[in-house]
Each structure stands twice: as structure tokens, then as C-alpha cells.
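> pasted the sequence and its predicted model underneath.
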Number of protein chains: 2
Amino acid sequence: MRVAFQGELGAFSQQAILQLLGAKARSVPHARFDQVFAALDKGSVDAAAIPIENTLHGSVYANYDLLLKYDFTITAETNVRIVLNLIAPPGMSFGQVRKAYSHPVAIDQCLEFFARHKRVERESFYDTAGAVKMIMAERPAGGAAIASELAAKMYKARILKRGIEDDRQNYTRFFLLERAGSKARVNRSGQSPWKTSLVFSTRNMPGALFRALSALALRDLNLVKIESRPLRGKPWEYLFYLDLLGKRDDAAVKNALAHLAEVADFLRVLGSYRAGV
Amino acid sequence: MRVAFQGELGAFSQQAILQLLGAKARSVPHARFDQVFAALDKGSVDAAAIPIENTLHGSVYANYDLLLKYDFTITAETNVRIVLNLIAPPGMSFGQVRKAYSHPVAIDQCLEFFARHKRVERESFYDTAGAVKMIMAERPAGGAAIASELAAKMYKARILKRGIEDDRQNYTRFFLLERAGSKARVNRSGQSPWKTSLVFSTRNMPGALFRALSALALRDLNLVKIESRPLRGKPWEYLFYLDLLGKRDDAAVKNALAHLAEVADFLRVLGSYRAGV
């Protein structure tokens, strides 16, 4: 099974693929998210793993947009804890580290580490895993990287300090996408509840959202996420992304979706899948 | 008036301050968002400008968290269009550019430019405005930067190509924050409608959110944003961020807030302000 993701080998997206499908799935790196979607569309891969939400940074709107543009199905989700490690070539000791290369977003999540170790300079790099690849290939003097454990393994580097991120409540939620009709065999221990993700739009929000939610509330369905987004170029029209507990062919969910379709201008079910652990 | 912001001088946050308060306000740069909030808290500045939402990247959860941690009031909002320009020291022509330094997020928003001009290499830098400062101070051979027009002005650099971003629908929404009791004199042409931002939490989402929204819907109040966030460490409890049209001392808003306080476990009004243009 070939699975597209955005980033270099060793990226957190690849960790998501490992969690979802195990080591047998082949991860196929792409530079940009639109290339990941295009690869799945033209069939050069069997699935794609995309980040959709991070506990510190919020939803990845760009990927929600791409979900709407293409007609794929969400077949699984998983949550990856973003653990940032200080990584160096084998043989380098922590005392020798003078520079830490990483993506600025990752560097900004390790500010306490840099405050405690003032001799270590921050060096901006385009990618976390790419920084590990670079320090291994070029061996800049005193150069270490900040990236995932997977990146250290992939490039045969060594972790000098584990978990140097400031906030441990840093998780990214990933979706596995497939073309309509296919079904991934996802790794799963235990049986987590089903979730269904959908997107709908309404005009004139005050009554409209309330009416739309009545379709769920009247059937005692549990909402687990809701997010509104103004529709581009259409004042007072909104897109809502919503996750609920249940499977799209459960009777209550089916009825709620039919009811929702009546009150919404547009409705699309993005997929039903087991909640990620 | 002294206004804290995160980033280097010339950052888009400083553009927000200009739009909100004009050129007389003094912008005070800080490296991190928590330092911006702390500066306002201890009184070393009179206000703070923080990004809260971007049309491509979603909400800035970290700042929503800081809003909850401190007890400031939102007194104004503004939307900054994120225009990215290729900027070089005076005298350098576009044909001489070999490297473009910028924050990787900005670089990733100019992929069509790099596809068209393959001789220009991408060079990761910790900050967009900081990249302009660096190319002016150090003049690396063939080195240009990608940043705001304001950054070009601040560091007396020249714009070689204007608006090289892929997506023009790239806006960041900023809040102006003040300590309770103060009131900024915000620049305003015309009278845009009032908005009120609030945050509340509920247990057991299915009925709870529906009931909470009834407090607004029954009074014909217009919701303009809703977003849910799971409460850390409390499964099935949620925080909702909500913006509605109206002022907190309008009769309908007052009644809705009293009603909402009955059904929510926790409710805080973050501020009422004129909608940003």
C-alpha cells in the first residue's frame, strides 16, 4: 500500500501512517499538500495521510479546502503526539552542540530549552526531518537538529535530549484519505467509537445553525467538533465543519443527515471512521 | 500609546497596529506571544495587537489560550491582507536575485513564484521582517527577502516584485487588547457593526450546545463565528469560542448572555468592538 504525505521522510505525517497502517505501508513524500491530493486523485498512491488539526495551532484550513475540492473519503483518523527531540550525528555529545536546526514553528515550541542552554543557537530550516537529513549529510560544526524520533531513526542519527518541547499537550490529528470505494486495513487495538465528519453551508446564520443542530440534538447525537468558516466572497454565508459520534449508516445518523440536508444549502459527508486513539 | 506585538519591526502585526491606531502609536516588539501578554499585564505597554485567525491557517489557539489566562478586553479588531513581496537592497535588480530568505510559512505561500523562477533558491529564516533586516545588514550575495511592504519601508529596502503570494484570499484577523477599563481611540472610517466575542464551556455536548445557541437564536442574534475545542484532560467537556453581532449592553445581547450563563458551566465575555474592515 502506497500512502502520500507532505514533508520529508521522518515527518510527523509519516509517524501518522505508521500508527494507522503499520510498517508495511510505503510512505511517499511530497513537497506540498495539493500534490498529496493530486497524487491520490491520479492513482499514483492508494491513500493519503493529512494533518487536519493541532491542539496548539488549530485547524489546517488549507486541508479542509482541499477535502472540499476533491471527492475522497476519510477512512481513519489518528492523533500523533508532537514530541520534539534534540538530534545529532553519532559521536557528538550534548556539550558539543552549538546550533539547532529546525522549522521555526518547532523552534518556537522549544523556547524553555533555548533559555536554559544559551550557547545553542537557533537555526531556521524548511523542515524538521529535513534538518536531520542535512546535519547527517553535511555535518555542520556543532550542528544538531530538532525533529521526531522517527527522523532520528530514518537518518541514523542519535537523540541527545528527548521531549524538549515546552508544552506536552501538543497533538496533531491526521486523517487517512482514500478514493471513494476503497477501504484501508487500519491498525486498531480495541474498538473505539465511530465518528462521522461532514461539512455543510447555510445562509443567514442566526436561525440556520440552530435549526441545523436541531437535526442532531433531537436524535441525541453527540457533536465532538464544530467550526464555522465564512464562505469566500459570500457575506453571511457560512461553511460548517462538524464531527459527530456515530456511523453514517446508523439509523439515527441517517435520519439526522436527511433532516440536515433539508435545512442546509449544501451538505457533504466526508467519511465515517473509528475515532483515533 | 505603546502597543506590544510579536515579531520584528515590520511584521504584519505592526501593520495591524498602524491600521488600528495610526502612525502615532508606538509599536513594541516581543519575541513571543506570552511576552506580549505579560507586557500588557505588568503595564509596560498600553495595549497589545495579536493575530487570532488566518483565512488559510485557521485560528491561533495559542492566543485564545492566553486570552483565557489573562483578564484583558478586546477593544478593536482589524483584518490585514497578507501581501508578500520580494524585497532586496537598493541597487539590486531582479535578475541578480539568487536566494530568497523568509519564514518557511511565507515561502510555502509563494510556490508559484519559485516554480516560475527556478534560479531563486528558498532560504529559511526565523521571521519575514527579520529576513529584510538581515539582507540589508549583511548583504548576502544575490540575497533577497520575502516580507511585507512595511518591512521594506522600515529597513529602507526596495520591493522588486509585489504580491508574489499564491493565494490572494490570505487575511489575518487581529485583536487589540487592553487592560480592563481602558479604551483605545481606534482609527475608523464609517461605522461598522458591533461584534461581541465570548467563550463558554459546557458538559455533554449534544443537548448543551443546542440549548446554548437557543439563547442567541431565540433573540435573533447573528452568530458570525463558532468554534469548539475539547477541554484539556476533561473528556466530553468543550470550550466554545463564539462571535456575535451586537454590543454587550444591547438589551437583546444582555438577555442572551444572562440566558447563556444559566446553561453554560462557565462564560466570559472577551469584549465588544466594531467589526474590522
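Happy to help now that I have it.
> what sits up against stretch A:253-261?
Under the criterion C-beta atoms under 8 Å, 6 or more residues apart in numbering or on different chains, residues A:196, A:198, A:200, A:212, A:214-216, A:218-219, A:221, A:244, A:246-248, A:267, A:269 lie in contact with stretch A:253-261. The way it works is simple: take the backbone N, C-alpha and C, and place the C-beta from them, glycine included.
> of all those residues, which two lie farthest apart?
A:S214 and A:K247 (20.9 Å; C-beta to C-beta).
> beta-bridge partners for the residue most central in space within chain A, please?
The centroid of chain A falls nearest to A:P51 when counting by C-alpha atoms, centre = their mean (1.6 Å). Per DSSP bridges, the residues bridged to A:P51 are A:F174.
> hmm, the helix or strand of chain A with the lowest mean pLDDT in reach of chain B?
Confidence across the helices and strands of chain A bottoms out at strand A:58-59, with a mean of 80, counting by mean pLDDT, DSSP states H and E. Yes: using C-beta under 8 Å from any C-beta of the partner chain, strand A:58-59 reaches chain B at A:58-59.
> is the next helix or strand after that strand positioned near chain B?
Remark: after strand A:58-59, the chain's next helix or strand is helix A:61-69, criterion DSSP states H and E. Yes: judged by C-beta under 8 Å from any C-beta, helix A:61-69 comes into contact with chain B at A:61-62.
> element containing the residue nearest to A:A208 when sequence neighbours are not counted, please.
Excluding its sequence neighbours, the residue lying closest to A:A208 (C-beta to C-beta, 6 or more residues apart in numbering or on different chains) is A:T202, at 3.6 Å. If you go by DSSP H and E, A:T202 is part of strand A:194-203.
> ok, that strand: who's next to it in the sheet?
For strand A:194-203, pairing defined by DSSP bridges yields strand A:237-245 (antiparallel), strand A:266-274 (antiparallel).
> now the last one - C-alpha only, PDB.
Once non-C-alpha atoms are left out, strand A:266-274 reads as follows in PDB (Å, rounded to 0.1, in the frame of the first residue of the first chain):
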ATOM      1  CA  PHE A 266     -25.100  22.200   0.700                       C
ATOM      2  CA  LEU A 267     -24.100  19.000   2.700                       C
ATOM      3  CA  ARG A 268     -21.300  16.500   2.100                       C
ATOM      4  CA  VAL A 269     -20.400  13.600   4.400                       C
ATOM      5  CA  LEU A 270     -16.600  13.400   4.400                       C
ATOM      6  CA  GLY A 271     -16.500   9.900   5.900                       C
ATOM      7  CA  SER A 272     -17.200   7.600   8.900                       C
ATOM      8  CA  TYR A 273     -14.300   6.100  10.700                       C
ATOM      9  CA  ARG A 274     -13.200   4.800  14.100                       C
END
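> the inter-axis angle of it versus helix A:61-69?
Interaxial angle, strand A:266-274 versus helix A:61-69 (axes from the mean of the first three to the mean of the last three C-alpha atoms, to 10 degrees): 110 degrees.
> pull out the buried positions in strand A:266-274.
A:267, A:269-274 (16 or more other C-beta atoms under 10 Å in any protein chain shown).
> and A:V80, what does it touch?
Taking C-beta under 8 Å, 6+ apart, we find A:V80 in contact with A:12, A:15-16, A:19, A:171-172, A:174.
> just after the helix or strand where it lies, pick out the following helix or strand.
Per DSSP H and E: A:V80 is located in strand A:72-81. Later in the chain than strand A:72-81, the nearest helix or strand by DSSP H and E is strand A:85-88.
> in its sheet, what does that following strand sit against?
strand A:143-147 (antiparallel), strand A:158-161 (antiparallel).
> break chain A into its domains for me.
A:2-82+A:170-179, A:85-161, A:194-272 (automatic domain parsing).
> quick one: low-confidence residue ranges for chain A.
A:183-184, A:187-190, A:204-206, A:232-236 (pLDDT under 70).
> what segments of it are helices?
With DSSP state H, the ranges of helices along chain A come out as A:12-21, A:33-42, A:61-69, A:104-107, A:111-116, A:128-138, A:149-154, A:205-217, A:251-263.
> now A:R274: closest residue in space that isn't a chain neighbour?
That would be A:S192: by C-beta to C-beta, 6+ apart, it lies 4.9 Å from A:R274.
> for A:L245, see how far away the one you found is.
According to C-beta to C-beta, to the nearest Å, A:S192 stands 10 Å off from A:L245.
> show me which of those two is the more surrounded one.
A:L245 (17 against 13; other C-beta atoms under 10 Å in any protein chain shown).
> which residue, other than its chain neighbours, is closest to the more buried one?
Leaving aside its chain neighbours, A:L245 sits nearest to A:N222 (4.1 Å; criterion: C-beta to C-beta, 6+ apart).
> my guess is the one you found meets A:D243, correct?
No: contact between A:N222 and A:D243 fails when scored by C-beta atoms under 8 Å: they sit 9.5 Å apart.
> the more surrounded of these two?
A:D243 (20 against 17).
> let me see the residues that make contact with stretch A:26-37.
Contact with stretch A:26-37 is made by A:1-9, A:11, A:14, A:17, A:39, A:44-45, A:48, A:50, A:62-63, A:66, A:69-70, A:72, A:177, B:108, B:111, as judged by C-beta under 8 Å, 6+ apart.
> what does the stretch 1-150 of chain A put close to chain B?
So far as C-beta under 8 Å from any C-beta goes, the stretch 1-150 of chain A lies against chain B at A:32, A:54-62, A:103-105, A:107-108, A:111, A:122, A:124-127.
> with neighbour numbers in mind, choose between A:S214 and A:K247.
With neighbours defined as other C-beta under 10 Å, A:S214 and A:K247 compare such that A:S214 has more, 18 against 15.
> and the residue nearest to the more buried one when sequence neighbours are not counted, what does it touch?
Distance criterion C-beta to C-beta, 6+ apart; nearest residue to A:S214, sequence neighbours excluded, is B:F210 at 6.6 Å. Counting by C-beta under 8 Å, 6+ apart, B:F210 touches A:210, A:213-214, A:216-217.
> please apply the same query to A:R248.
Neighbours of A:R248 in contact, by C-beta under 8 Å, 6+ apart: A:196, A:254, A:257, A:269, A:272.
> next one: the closest residue to A:L176 other than its chain neighbours from A:K99, what distance?
Using C-beta to C-beta, 6+ apart and skipping the chain neighbours, the partner closest in space to A:L176 is A:A76 (4.1 Å). Counting by C-beta to C-beta, the gap from A:A76 to A:K99 is 38 Å.
> what's the answer for A:E165, then?
As judged by C-beta to C-beta, A:E165 and A:K99 stand 18 Å apart.
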